[in-house]
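Participant: with the input below, show me the fold.
(one chain, ligands or ions: 2)
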Amino acid sequence: MSSIARNPRSNPGPNSRRELGEQSIGSYLIDRLQDYGIKDCFGIPGDYVLTFYSQLQNSPIRMIGCTREDCAGFAADAYARIHGMGAVCVTYCVGGLSVANSIAGAYAEKSPVVLLTGSPGLNERINNPLLHHKVRDFRTQLDVFEKLCIAATELNDPITAFSEIDRVLDACDRFKRPVYIDIPRDMVNVVPPVTRAYRRPVHQEDPLALAEAIQEASERISRAKRPIIIAGVEIHRFGLSEQVIALAEQTQIPIASTILGKSVVRETHPLFIGLYEGAMGKSEVTEYVEESDCVLLLGTFMTDINLGIYTAKLDVKNCIYATSEQLEISYHHFPKVSLKHFLEGLILASPKPTLRSIPADLHVKAPVAPVPLSNSEDSKGLQVSRIIAHLNTRLDSKSIVIADIGDSLFAATELVIHDSTDFISPAYYTSMGFSVPAALGACVARPDDRVVVICGDGAFQMTGQEISTLVRNGYSPIIIILDNHGYGTERMLQKEAWAYNEINVWNYHLLPAVYGGGKGYLVRNEAEFCEAIDSAWNDRSQLHLIHAKLAEGDASNTLTRLAERMMQRVE
Ligand SMILES: Cc1ncc(C[n+]2csc(CCOP(=O)(O)OP(=O)(O)O)c2C)c(N)n1
Ligand SMILES: [Mg+2]
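Facilitator: Residues are numbered from 1 along each chain as shown. Ligands and ions are numbered 1, 2, ... in the order given. Prediction:
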């Protein structure tokens with residue numbers, strides 16, 4: 001996973017400020033985006049945002065045109081997860097409302113995305129005319145994004161515009177959630193009669209609560225005979241991997257992770273024992289975690305998927321639950337304590353729990369190349385678990401794996417993420433179609449890394465056309481489409497074989513010809529897959545699209561276990 005060292009910024013102030021009456025609202029916004037390390041912006045223009053688009057185009061920020069606004073949103077989300085903050089710029093309502101689902105996902109999974117949008121000029125709104133793209137009234141789009149973002153503003157007043165930009169960008173950085181900035185088109189070039197001396201906001205913390213929390217947590221950890229750390233996605237978002245590893249190494253407490261937090265610590269670390277997913281996960285990991293008398297949940301979201309559809313059995317009285325939003329130790333709540341300061345305080349307090357040994361079957365081993373299947377085994381057809389086993393041996397610290405929703409995600413949990421490989425997936429919000437546009441965001445954020453996408457055929461049919469933008473910009477990701485002619489995950493949740501879970505089967509491997517670049521492969525067995533992945537891995541000159549036709553009824557072990565749990569709820 002990207003270490004914070006690769007994150008270029010953290011709550012910076014402006015580099016330089018101009019004199020009173022010299023800077024327009026649009027230009028100030030562009031400066032401030034760059035202060036937060038934003039170098040690229042995804043989107044699609046439209047007349048209400050053209051003036052601002054032209055300003056962006058003339059700035060050092062690189063504009064990346066996408067095929068759809070929701071794709072631009074997913075790309076910005078992945079860019080933000082890797083780079084620290086991302087941006088998407090779209091036009092009023094037709095663009096904004098198309099990107100709403102991507103922004104909702106960024107909110108749910110804490111990804112700091114700035115949504116920039118234009119809107120009708122204030123002078124055009126007099127007498128409430130029926131201007132194109134308007135829905136109910138001129139505020140409709142703002143109203144929607146006030147619900148989907150941590151902060152939202154319409155820059156409709158020159159006097160407050162600069163401070164509004166600062167307020168909203170600060171919130172994005174602080175809460176790692178998306179924000180919304182709307183510039184009416186006649187405000188972009190307005191030069192406010194003010195200068196803005198940016199002041200870093202002071203976040204209220206309570207040192208007494210912090211000291212008491214550290215003392216209580218430290219005493220509990222020292223008394224523990226079977227402690228465990230469960231590291232969640234916030235550890236990555238807030239750049240705290242080093243602190244979690246330091247705490248684990250100092251106390252020798254074993255570490256598990258959640259699906260959403262997969263790869264927040266390198267999975268070949270000797271203290272790492274695997275993913276904790278309640279009854280959905282490997283039973284050895286589940287038992288080891290649930291037998292604990294002191295569970296440190298660090299930056300973990302208690303979501304249904306993370307907790308194996310709520311099959312996790314964690315006793316609150318044994319838990320220390322620390323996130324950026326709350327700190328609970330057993331039944332005690334500690335307000336105004338920052339996750340970072342809590343972790344740093346615990347490291348200083350240096351608690352000494354009983355050493356907990358890790359059974360041999362929980363030691364995560366570095367992957368070894370799978371033995372090729374015998375002819376009789378291979379006659380079953382291509383299995384997703386075998387694809388994952390082969391991929392496992394290819395990944396290194398320059399790989400970024402992006403898994404879509406469906407068996408792509410469940411099977412990918414079997415990957416061992418080593419060194420600082422990134423693993424990105426919308427594992428909580430679970431919106432299909434994330435992976436291909438997210439690959440664009442990842443390629444833009446880290447062009448030297450190798451991006452590997454694992455995507456179901458259903459998910460691919462939603463947003464796969466973003467391959468076009470990848471080709472246009474000369475990127476070379478490897479995209480593996482798992483073709484089971486439909487919604488395999490949904491099929492597993494129902495006993496009957498419903499036609500609505502079937503989809504039209506495409507010749508995915510022929511798409512590079514349509515998009516004007518890249519190489520396609522059709523693979524039907526393991527030998528063909530190995531040949532294709534060899535060829536793809538060795539060629540960085542173009543995009544590779546591997547159309548993997550799976551054996552009929554194939555599913556990963558994780559999906560099989562999950563389906564059993566979910567069926568009990570769905571039916
Ligand atoms: C945008 C969106 N629409 C619908 C769903 C519901 N859903 C979850 S998994 C799934 C099927 C996924 O099919 P595919 O991408 O082919 O992956 P598979 O399950 O076959 O591995 C559906 C429709 C969703 N999660 N997201
Ligand atoms: Mg499918």
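
Participant: please name the residues that touch V285.
Facilitator: The contact partners of V285, by Cβ atoms under 8 Å, 6 or more residues apart in numbering, come to 256, 273-277, 362. The C-beta positions use only the backbone N, C-alpha and C, and glycine is treated the same way.

Participant: go with 6 Å
Facilitator: 273-274, 276 (Cβ atoms under 6 Å, 6 or more residues apart in numbering).

Participant: before we move on, what about D554?
Facilitator: Neighbours of D554 in contact, by Cβ under 6 Å, 6+ apart: 383-384.

Participant: secondary structure element for it?
Facilitator: Under DSSP states H and E, no helix or strand contains D554.

Participant: what ranges do the helices span in the stretch 401-550 of the chain?
Facilitator: Shown for the stretch 401-550 of the chain, the helices assigned by DSSP state H, counting those that start in this stretch span residues 407-412, 435-445, 457-463, 467-472, 488-492, 511-515, 526-537.

Participant: just give the closest residue to C66, not the sequence neighbours.
Facilitator: For C66, ignoring the flanking residues on the chain, the nearest one in space by Cβ to Cβ, 6 or more residues apart in numbering is A72 at 4.0 Å.

Participant: pull up the per-residue confidence for the one you found.
Facilitator: In this model, A72 is scored at 98, pLDDT.

Participant: next: E290.
Facilitator: Confidence at E290, expressed as pLDDT, is 89.

Participant: looking at the helices of the stretch 401-550 of the chain, which is closest to L260?
Facilitator: Smallest distance to L260 across the helices of the stretch 401-550 of the chain (Cβ to Cβ): 10.2 Å, for helix 407-412.

Participant: the closest one near ligand 2 anywhere?
Facilitator: No: applying Cβ under 5 Å from the ion, one finds helix 407-412 out of contact with ligand 2, separated by at least 7.2 Å.

Participant: off-centre distance for that helix?
Facilitator: With Cα atoms, centre = their mean, to the nearest Å as the basis, helix 407-412 stands 15 Å off its chain's centre.

Participant: and for stretch 471-478?
Facilitator: Offset of stretch 471-478 from its chain centre (Cα atoms, centre = their mean): 21 Å.

Participant: pull the CA atoms of it into CSV?
Facilitator: Taking C-alpha atoms only, stretch 471-478 is exported to CSV below (Å, rounded to 0.1, in the frame of the first residue of the first chain):
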residue,chain,number,x,y,z
VAL,A,471,-5.4,4.1,-24.7
ARG,A,472,-5.6,7.7,-25.7
ASN,A,473,-3.1,8.6,-22.9
GLY,A,474,-0.7,5.7,-23.7
TYR,A,475,-1.1,3.8,-20.4
SER,A,476,-0.4,0.1,-20.2
PRO,A,477,-2.5,-1.5,-17.5
ILE,A,478,-3.4,-5.2,-17.6
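
Participant: just the buried positions in it, please.
Facilitator: Burial within stretch 471-478, assessed by neighbour count using 16 or more other Cβ atoms under 10 Å, is assigned to 471, 475-478.

Participant: mean confidence score for that stretch?
Facilitator: pLDDT averaged over stretch 471-478 gives 98.

Participant: related to what we said a few turns ago, give the contact list for the residue nearest to C66.
Facilitator: In this structure, A72 makes contact with 42-43, 66, 88, judged by Cβ under 6 Å, 6+ apart.

Participant: sec struct for it, please.
Facilitator: helix (DSSP: H, G, I helix; E, B strand; the rest coil).

Participant: quick one on the thing from earlier: out of the helices of the stretch 401-550 of the chain, flag the one nearest R237.
Facilitator: That would be, of the helices of the stretch 401-550 of the chain and by Cβ to Cβ, helix 435-445, which comes in at 14.8 Å.

Participant: could you give the bridge partners of the residue of the chain found nearest ligand 2?
Facilitator: Ligand 2 sits closest to G456 of the chain, with a gap of 3.9 Å, by Cβ to the ion. G456 has the following beta-bridge partners by DSSP bridges: L482.

Participant: correct me, but it touches S408?
Facilitator: Yes: look at G456 against S408 with Cβ atoms under 6 Å: they come within range, at 5.3 Å.

Participant: okay, A104 and E325: tell me how far apart.
Facilitator: Separation of A104 from E325 (Cβ to Cβ, to the nearest Å): 18 Å.

Participant: quick one: R62 from P477, how far?
Facilitator: Distance of R62 to P477, computed by Cβ to Cβ: 18 Å.

Participant: ok, now V233?
Facilitator: 23 Å.

Participant: likewise D157?
Facilitator: 44 Å.

Participant: pull the number of nearby residues for D206.
Facilitator: By other Cβ atoms under 10 Å, 14 other residues sit near D206.

Participant: phi, psi for it please.
Facilitator: phi -110, psi 100 (degrees, to the nearest 10).

Participant: pretty sure it sits against H333.
Facilitator: No: the pair D206 / H333 is not scored as a contact, 11.9 Å apart, by Cβ under 6 Å.

Participant: what does the stretch 351-500 of the chain put close to ligand 1?
Facilitator: Within reach of ligand 1 by Cβ under 6 Å from any ligand atom, the stretch 351-500 of the chain has these residues: 405-408, 430-433, 456-459, 482, 484, 487-490.

Participant: may I see the PyMOL selection of the buried members of those?
Facilitator: Buried members of these, defined by 16+ other Cβ under 10 Å, are picked up in PyMOL with:
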select buried, resi 405+406+407+408+430+431+432+433+456+457+458+459+482+484+487+488+489
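
Participant: up against ligand 1, what does the chain have?
Facilitator: Counting by Cβ under 6 Å from any ligand atom, the residues of the chain near ligand 1 are 405-408, 430-433, 456-459, 482, 484, 487-490.

Participant: before we move on, back to that, winner for burial among the helices of the stretch 401-550 of the chain?
Facilitator: Across those, averaging neighbours per residue (mean count of other Cβ atoms under 10 Å) puts helix 435-445 on top, at a mean of 30.

Participant: ranges for the strands of the stretch 151-300 of the chain?
Facilitator: In the stretch 151-300 of the chain, strands defined by DSSP state E, counting those that start in this stretch lie at 151-154, 179-184, 227-231, 255-257, 272-275, 294-298, listed in chain order.

Participant: possible to save these as CSV with distance to Y198 and mean pLDDT?
Facilitator: Below are the strands of the stretch 151-300 of the chain laid out as CSV (distance: least, Cβ to Cβ, whole Å; pLDDT from 0 to 100):
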stretch, distance to Y198, mean pLDDT
strand 151-154, 16, 98
strand 179-184, 16, 98
strand 227-231, 34, 96
strand 255-257, 37, 94
strand 272-275, 41, 92
strand 294-298, 32, 96
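
Participant: adding mean neighbour count, write those strands out as a markdown table.
Facilitator: Converted to a markdown table, these look like this (neighbours: other Cβ atoms under 10 Å):
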| stretch | mean neighbour count |
| --- | --- |
| strand 151-154 | 22 |
| strand 179-184 | 26 |
| strand 227-231 | 27 |
| strand 255-257 | 27 |
| strand 272-275 | 24 |
| strand 294-298 | 25 |
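
Participant: can you put these in JSON lines and add distance to H132?
Facilitator: Shown next, in JSON lines, are those (distance: least, Cβ to Cβ, whole Å):
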{"stretch": "strand 151-154", "distance to H132": "19"}
{"stretch": "strand 179-184", "distance to H132": "15"}
{"stretch": "strand 227-231", "distance to H132": "49"}
{"stretch": "strand 255-257", "distance to H132": "48"}
{"stretch": "strand 272-275", "distance to H132": "49"}
{"stretch": "strand 294-298", "distance to H132": "49"}
